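*Asks:* Let's see this in three dimensions:
(chains A, B and C)
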Amino acid sequence: MKSLVEVSNMYFHYPRVKITAGDVGWTLHDISVAIRPNSTVGIVGESGSGKSTLIRVMCGLLHHQKGSVKFDGREVSEYEGAGVNDLRRRNQIVFQNPRRSLDPRMTIRRSLSEPIRALQERNPDDAELITSIQRVGLGPEVLSRFPHQLSGGQLQRVGIARSLSVNPTILYADEPVSALDVSVQAQVLNLLMDLRDQMGLTLLMVSHDLGVVSRMCEEIVVMRHGHIVEAGPTSDVLSRPKSDYTATLLRAARAASLERS
Amino acid sequence: MLQLRNLRVAIDDQEIINIAELDLQPGSRLGLVGESGSGKTMTAKAIAGLLPDETKVSGSVMFGGQNLLELGDRQLAKIRGKRIGFVFQDPARSLNPMMRIGKQVSEAIRLHTDLKGDAVKAKVIELLQQVQLPDPEALVRRYPHQLSGGQQQRVMIAAAIAADPELLIADEPTTALDVTVQEEILRLLISLSEQRKMSLLFVSHDLGVIRFVCDRVAVIYGGNIVESGRIEDIVSRPMHRYTAALLAANPGMPKDDNFSAYIGKRLQTISGSVPAVGKFPSGCRFRNRCQHATESCSNVPATSMVGQEHRYACWHPGNGG
Amino acid sequence: MPDTTPAAGRPSLRKRLRRLPITLYVGGTLVSLFVLVALVSFVWTPYPPNTLNLFNRLAPPGTPGFIFGTDRAGRDVVTELMLGARNSLYVSVVSTIVAMFFGSLIGLSIAGSKSVLQGSLTRFVDVGIALPGILTALVLASKLGPGNTTATLAIITWQVPVAARVTIGPARQILALDYVEAAYGYGRSKAYVLRRHVLPNISPLLIVLGSVMFAAAILIEAALAFLGVGVQPPTSSWGRFLNETQSLLEAAPYLMFFPGVAIVLTALGFNLLGDGLRTVLDPQQARSGLA
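*Replies:* Numbering: from 1, shown residues only, chains lettered A, B, ... in the order given. The predicted structure is shown next:
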C-alpha cells in the first residue's frame, strides 16, 4: 500500500546550531519512516529523543535540511501557495498541555473557528461549531466560555475539536494525555480511538508512556538521541525487542505500571 | 510513628481536607494516591506544617509522641528537615541555581546536625555516594543546571536524608522524569528506606508507581481517605468504587507480553472530572461521578473493614459491575 | 494540572473592590486630580492666563484673592499651577502614546524576527536605551530650538527603546506557547499571530508600562523646562516655574514648594497607579503564561 507520509534519510537541526565533524548537532539523524494511510503509529522515546521534533518536521511546521519528507507522494517543501493551506489542513496537531494550546483571551467559539477562518477564509456558522464541539462530547454552552473556565480534560477536547474542524487526514497527537488526571486520560484516549474510527484518520501519537502506546497503536517507532532505534508492529517490537534500549524502556515501564489483562 | 486523627484543613471556610484516621508504621512505605485537586499535596503540607497562613487546621498529627499541629515555629523547625525530610516534584525548582551542589547539601547538614568543618565535607561525599551519584568529589563543585533531572533529584534526596530523618515525604518525586530515570530513583528510595529503616510517605497520582514503591496505600478523594490498606489487597480487590474506577482507568501494561490482544482495547472511564474545591457533593464525595450511587450515598459512609488493615468507606462496595 | 472546573461563583463586586491594592486608589485619585485640574484650566482659572498683578508681586500665601500668593511678576500661583498641569498633561500624553505605539511595534517586530537577527536587533535597542536623554534633548534643542515639540520629541526618543525592550521578552514568551504553534499549524501568518495572540496577551504589561512612562514623561518635561530647553514663555510650565523660583530663594523661599510638590505628587500618582495595576493584572498574566 502506498505510504501517506514517507520520510527517508532525513536530517534536521534547529537554527543557530553548527553541525560539526562526525555529524554532531543534528536533532534528527538519518530518519526513515513510512506511515500507511489509516494506521495508528506511536512514537516513543524519552526527553531529548527528538520525537516531538519529528512530527513537526513531518507535518511541515519545521523544515529539514537533508533527505526527504513526502506527504501524499509529494515533497513537503514543494507545497506552496494554495498548496500550503491544503498541507496544513490535512495535517493537524493536538498538543500536550491544553492550557497552553488555547489562547486565554479568546473565547472557545473563536479558538474553534480559527482553523476554518485561516484555511478556508470563511466564518463557520453556529451549527457547524456545535457539531464540532458535540463530536468531542461537549455541549454548545462551552462556546461562549474562556479557557480558564474549563477543566483540563474539557480543554483537551476543545483542542481535539479544533484540529478536527478542518477534516484532516492525519492527526498528530503530541503527548495528548500526559498533562491530564488519570480518570480523564482514559476518557480522552477513548475519544481519540472513536474519532479515528469514525473519521478514518491516520493517527500519529507521541508518548513517553508505553502503556498508552501499546493500547492505542498497532505500530511503534522507538527513538533515542535523534535516531530511530527500532520500528515495527507494536506486538512484535514490544514482545521481542531487538534493541537493548527498547528492552530497558519496557522493563522500566513495566516496573512502575499496573499489570492489566 | 505518624498518626493523623480528625485532621481538618480549611481555606476561606471551605473544608478541603477531612481525614479521620491515617497511620504510618515505622519503616513502612505508605502511598497517598489521588488526582489533582484531591487534597494529597495539602495533606503532605499539613503534616510538614507548610500550609499557607490563611488555612485553618484542626485535629492532630502525632509524630514521635508530639502533636505537630500544636508546636510553635521554632520547635517545628527542629523536626522539619531533621526528623522529617522532604523531596518535591520538580528538582530544578527546588535547588538554588546559583549555589554549587556541595554547598546545597552541606547547608542541610550544618542546619540539622552538629557536624563542623571537614566532617561536613566528608558527610556530603558520603551522602552523594549513598544516592549513587558518580564521582561525588567532582560533583560538589557543579551547579544544578550542569546536572540531569535525575541527578538533581538524587541531590535533593541526599539533602533530605542528611540528618537521618525517621520519615521522608516525597511528593510526586518522579513525575517530571523519564521512565528509565524514574525507575532508578524509585529503586533508590526503596533501598534507602530499607537500609535506614526510614518510613516513606509517597504522594503520587499513579497507582502503578505506588504499587512499585509502597507496601501500603491510602486513596484520597475530595479531601477524604476513601480506602486504605496493603497495596496488593487494594490493587487486586478494591472495595471503594472510586478506587476500582481509578484502577480500571489506568492504561497499565499488558500481562504476559500479550500485546496483540491489548491493542485497540478501550479503557473504562470515570465520568466527569474532579470537582473544584467546595463543589464536592455531601455524603460520599464521589457519588456524583459514581455509577453505583443511590439515595443512601448522600449520607457520609461509615468505615468498614476487610481483615485487619483494609479499610474503606463506601455504601456499595465492590469491584465488579 | 488540576482538572477542576474553576469556581463559577466569584466573590461579590464589593468584596473584589475591597481586595484591590491601596496603591491603585491613591494613585488613581492623584492622577484623576491632575487630569481634572488640567482640563478645568481650559474653561476656568482664578485669573485669566498671564494676568500680571503688578501691585501684588510676591504676595505671600493667604493674601486675599491669592490663596497660594503670587510670583515675581504678580501672577496668581494657583492659575500658574493649573496652566502648568495643562502643559504637563499635553506633553506627556502625546509623548507616551507615540512612544508606546512605536516602542511596542518595534518590540513585537524584533520578537517575531528570525532568531539569527534577534540578538543584534536587541543590542541595537539597548544602545538606544543607553543614550542619555537630557543630552538628546539638548542636541535636539540646538537644532530645532527650545519648545514643547523639542521636549516631546526628546521624551519620545528616550522612551521608544525602553518600551521596545520591555516588550521583547514577554512577547517571545508568548510566541513559545503552544497556541501560537497551533496557529501556525492551521496556517496563520506571523503578523497575524503577533497582532491577535501576542498583543492581547501582553496588554496588561503594556498598560502598566504606559502608566510608569507617563510618570517619567511628567518628570522629564519639568526637567527640560527647568533647563530652559522645554516650553518657552509665556506658556506656563511647572518646570519653568520651578526654575524661576531659584532666583527667589531669599525673597520668597516658600514659592519653590508649589511647583515642586505638584511635580512630585503627579509623578508619584502615576507610579502608584502603575504599581496598583501591576498587582491587579498579575493573576491574568499568570493565566496567560506570562508570570
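*Asks:* show me the contacts for residue A:195.
*Replies:* The contact partners of residue A:195, taken as C-beta atoms under 8 Å, 6 or more residues apart in numbering or on different chains, are A:135-136, A:160, A:164, A:171, A:201. C-beta: built from backbone N, CA, C; applies to glycine.
*Asks:* So which of those residues sit within strands?
*Replies:* If you go by DSSP state E, the contacts of residue A:195 have residue A:171 in strands.
*Asks:* What ranges does the chain have for its helices?
*Replies:* Defaulting to chain A. A:51-58, A:82-90, A:108-120, A:126-135, A:152-164, A:182-199, A:210-216, A:234-239, A:244-255 (DSSP state H).
*Asks:* that's the wrong chain, I wanted chain C
*Replies:* Remark: helices assigned in chain C by DSSP H are C:13-19, C:22-43, C:77-112, C:115-130, C:133-144, C:148-175, C:178-185, C:190-193, C:199-226, C:238-246, C:257-287.
*Asks:* List the buried residues of the second one.
*Replies:* Pointing back at helix C:22-43 there. Buried residues in helix C:22-43, defined by neighbour count with 16 or more other C-beta atoms under 10 Å in any protein chain shown: C:23-24, C:26-28, C:30-31, C:34, C:37-38, C:41.
*Asks:* Tell me how many other residues crowd residue B:67.
*Replies:* 13 (other C-beta atoms under 10 Å in any protein chain shown).
*Asks:* Which of the contacts of residue A:195 has the largest number of neighbours?
*Replies:* residue A:160 (25 neighbours).
*Asks:* how about that one, what does it touch?
*Replies:* Residue A:160 touches A:94, A:136, A:176, A:188, A:191-192, A:195, counting by C-beta under 8 Å, 6+ apart.
*Asks:* Mind doing that once more with 6 Å?
*Replies:* Residue A:160 makes contact with A:94, A:136, according to C-beta atoms under 6 Å, 6 or more residues apart in numbering or on different chains.
*Asks:* near chain C, which residues of the stretch 151-300 of chain B?
*Replies:* B:273-274, B:276 (C-beta under 6 Å from any C-beta of the partner chain).
*Asks:* Looks to me like residue B:219 is in a strand.
*Replies:* Yes. Counting by DSSP: H, G, I helix; E, B strand; the rest coil, one finds residue B:219 located in a strand.
*Asks:* quick one, phi psi at the residue sitting furthest away from the middle of chain A?
*Replies:* Note on chain A: the largest C-alpha distance from the chain mean falls to residue A:21, namely 32.5 Å (C-alpha atoms, centre = their mean). Residue A:21 adopts backbone torsions of phi -50, psi 140, taken as degrees, to the nearest 10.
*Asks:* Tell me where the stretch 101-250 of chain B has helices.
*Replies:* Secondary structure of the stretch 101-250 of chain B by DSSP state H, counting those that start in this stretch: the helices cover B:101-112, B:118-130, B:136-139, B:149-160, B:179-196, B:207-213, B:231-236, B:241-249.
*Asks:* want to throw those into JSON lines with distance to residue B:35 and mean neighbour count?
*Replies:* Listed next are the helices of the stretch 101-250 of chain B as JSON lines, based on distance: least, C-beta to C-beta, whole Å; neighbours: other C-beta atoms under 10 Å in any protein chain shown:
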{"stretch": "helix B:101-112", "distance to residue B:35": "32", "mean neighbour count": "20"}
{"stretch": "helix B:118-130", "distance to residue B:35": "33", "mean neighbour count": "17"}
{"stretch": "helix B:136-139", "distance to residue B:35": "36", "mean neighbour count": "15"}
{"stretch": "helix B:149-160", "distance to residue B:35": "23", "mean neighbour count": "24"}
{"stretch": "helix B:179-196", "distance to residue B:35": "19", "mean neighbour count": "18"}
{"stretch": "helix B:207-213", "distance to residue B:35": "11", "mean neighbour count": "24"}
{"stretch": "helix B:231-236", "distance to residue B:35": "16", "mean neighbour count": "18"}
{"stretch": "helix B:241-249", "distance to residue B:35": "8", "mean neighbour count": "24"}
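*Asks:* roughly how far apart are residue C:129 and chain A?
*Replies:* Remark: distance between residue C:129 and chain A (C-beta to the nearest C-beta, to the nearest Å) = 25 Å.
*Asks:* And residue B:2, by the same measure?
*Replies:* 25 Å.
*Asks:* okay, and for the stretch 51-200 of chain B, where does confidence drop off?
*Replies:* Within the stretch 51-200 of chain B, no stretch has pLDDT under 70.
*Asks:* For the closest residue to chain C within it, give its distance to chain A.
*Replies:* Residue nearest to chain C within the stretch 51-200 of chain B: residue B:175 (11.5 Å; C-beta to the nearest C-beta). The gap separating residue B:175 from chain A is 10 Å, by C-beta to the nearest C-beta.
*Asks:* For that residue, which non-adjacent residue is spatially closest?
*Replies:* Nearest non-adjacent residue to residue B:175, counting by C-beta to C-beta, 6 or more residues apart in numbering or on different chains: residue B:89, 5.4 Å away.
*Asks:* Kindly report the same for residue A:200.
*Replies:* residue A:38 (6.0 Å).
*Asks:* Residue C:209 too?
*Replies:* For residue C:209, the spatially nearest residue (C-beta to C-beta, 6+ apart) is residue C:166, at 5.5 Å.
*Asks:* Could I get the helices of chain A in a markdown table, plus columns for distance to residue A:98 and mean pLDDT?
*Replies:* Converted to a markdown table, the helices of chain A look like this (distance: least, C-beta to C-beta, whole Å; pLDDT from 0 to 100):
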| stretch | distance to residue A:98 | mean pLDDT |
| --- | --- | --- |
| helix A:51-58 | 16 | 95 |
| helix A:82-90 | 21 | 91 |
| helix A:108-120 | 11 | 94 |
| helix A:126-135 | 14 | 95 |
| helix A:152-164 | 4 | 95 |
| helix A:182-199 | 9 | 92 |
| helix A:210-216 | 16 | 90 |
| helix A:234-239 | 26 | 92 |
| helix A:244-255 | 24 | 93 |
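*Asks:* Is it possible to get CSV of the ones you listed that adds distance to residue B:281?
*Replies:* CSV is the format used below for the helices of chain A (distance: least, C-beta to C-beta, whole Å):
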stretch, distance to residue B:281
helix A:51-58, 40
helix A:82-90, 44
helix A:108-120, 27
helix A:126-135, 27
helix A:152-164, 19
helix A:182-199, 16
helix A:210-216, 31
helix A:234-239, 41
helix A:244-255, 36
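*Asks:* Mind checking the ones you listed for the one nearest to residue C:208?
*Replies:* helix A:108-120 (25.6 Å; C-beta to C-beta).
*Asks:* Nearest residue to residue 62 in space, please, no chain neighbours.
*Replies:* All of this is about chain A. Take residue A:62 and drop its neighbours on the chain: the residue closest to it by C-beta to C-beta, 6+ apart is residue A:56, 4.5 Å away.
*Asks:* try again with chain B
*Replies:* residue B:3 (4.2 Å).
*Asks:* Surely that neighbour forms part of a helix?
*Replies:* No. Assigned with three-state DSSP, residue B:3 falls outside any helix and is strand.
*Asks:* In this structure it contacts residue B:61, no?
*Replies:* No. Contact between residue B:3 and residue B:61 fails when scored by C-beta atoms under 6 Å: they sit 7.6 Å apart.
*Asks:* If you count surrounding residues, which of these two has more?
*Replies:* residue B:61 (23 against 14).
*Asks:* I'd assumed residue B:76 was in contact with the more buried one.
*Replies:* No. Residue B:61 is beyond contact range of residue B:76, at 10.8 Å (criterion: C-beta under 6 Å).
*Asks:* Spell out which parts of the stretch 1-150 of chain B neighbour chain A.
*Replies:* With C-beta under 6 Å from any C-beta as the criterion, the stretch 1-150 of chain B comes near chain A at residues B:35-36.
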